[in-house]
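Student: Okay, structure incoming, though there's no sequence with it:
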């Protein structure tokens, strides 16, 4: 009787191992079928060191603002950046930032007078230009920036939302925050940009601030000045979210800032 029980247990164990192996093989087959994940272990996404550069370390330096003033991503990191931006890790990173922002926001006591605002940047913060940056003639920021091409893309008004940020936006409205969009997009693109935002789910806001077509100051000066105008008008900036450090430094930055990742370009 004891022998029979042991046999049943062994059979059960073998069946369990067989099922686990089957699940593993299906997972591998699914990964191989995906053009995004197939090359990840070989492209630097797992921290692979290149001859002259560790792309994971480079991205960390970018996100912490230790690497400043760069104009294009390193050529050896094109695959790394591409797989990061199109893969699960980028989405998970944005979701994590959004979740932390929500935890902070729901712990605040709002006055109810309509003056508690949350400032959002747009490009790569609430709206994603990935379809543009993933194209061969941009290569995730390796090809030097072409203002004409990017303007043509912006004018189409077809960019998707950054999912984690869209979720946070809706949560903040439910909490009672007023939303301010503060973007470096020029006034000339106001109509397609607003249409794009509405179409992807950003349907209400307190203010939608675009850069004047003739403005020539730095991004830090521009955004600091606009935030100062908000506070002088009686608004309280309770949160401020952007993908560039120039969105989050300077003056009148608000009570707390949140940065979402963006290793594709640098705006100083």
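Tutor: Looks like it came in fine. Quick caveat, the model's predicted, so the values are computed rather than measured.
Student: alpha carbons only for contacts and neighbour counts from here, please
Tutor: Noted.
Student: Could you check the pLDDT of the residue lying closest to residue 72 once chain neighbours are set aside?
Tutor: Nearest residue to residue 72, sequence neighbours excluded (Cα to Cα, 6 or more residues apart in numbering): residue 142, at 5.1 Å. On pLDDT, residue 142 comes in at 97.
Student: Does residue 142 touch residue 73 like I think?
Tutor: Yes: look at residue 142 against residue 73 with Cα atoms under 8 Å: they come within range, at 4.9 Å.
Student: Look up the residues that both of these two are in contact with.
Tutor: residue 264 (Cα atoms under 8 Å, 6 or more residues apart in numbering).
Student: Helix, strand or coil: sort out residue 241 for me.
Tutor: Of the three states, residue 241 takes strand under DSSP: H, G, I helix; E, B strand; the rest coil.
Student: show me where the stretch 101-250 of the chain has strands.
Tutor: In the stretch 101-250 of the chain, the strands defined using DSSP state E, counting those that start in this stretch lie at 116-120, 178-186, 207-211, 236-242.
Student: Return the list of strands paired to the first one, each annotated with direction.
Tutor: Partner strands for strand 116-120, per DSSP bridges, with pairing direction: strand 178-186 (parallel), strand 236-242 (parallel).
Student: Nearest to residue 98, out of those?
Tutor: strand 236-242 (9.2 Å; Cα to Cα).
Student: ok now the very next helix or strand once past the closest one, how far from the chain's centre?
Tutor: Downstream of strand 236-242, the next assigned helix or strand under DSSP states H and E is strand 257-259. Averaging C-alpha positions (Cα atoms, centre = their mean, to the nearest Å) puts strand 257-259 11 Å from its chain's average.
Student: helices or strands next to strand 257-259 in the packing?
Tutor: On a contact count with 3 or more Cα pairs under 8 Å, 6 or more residues apart in numbering; DSSP states H and E, strand 257-259 meets helix 88-105, strand 236-242.
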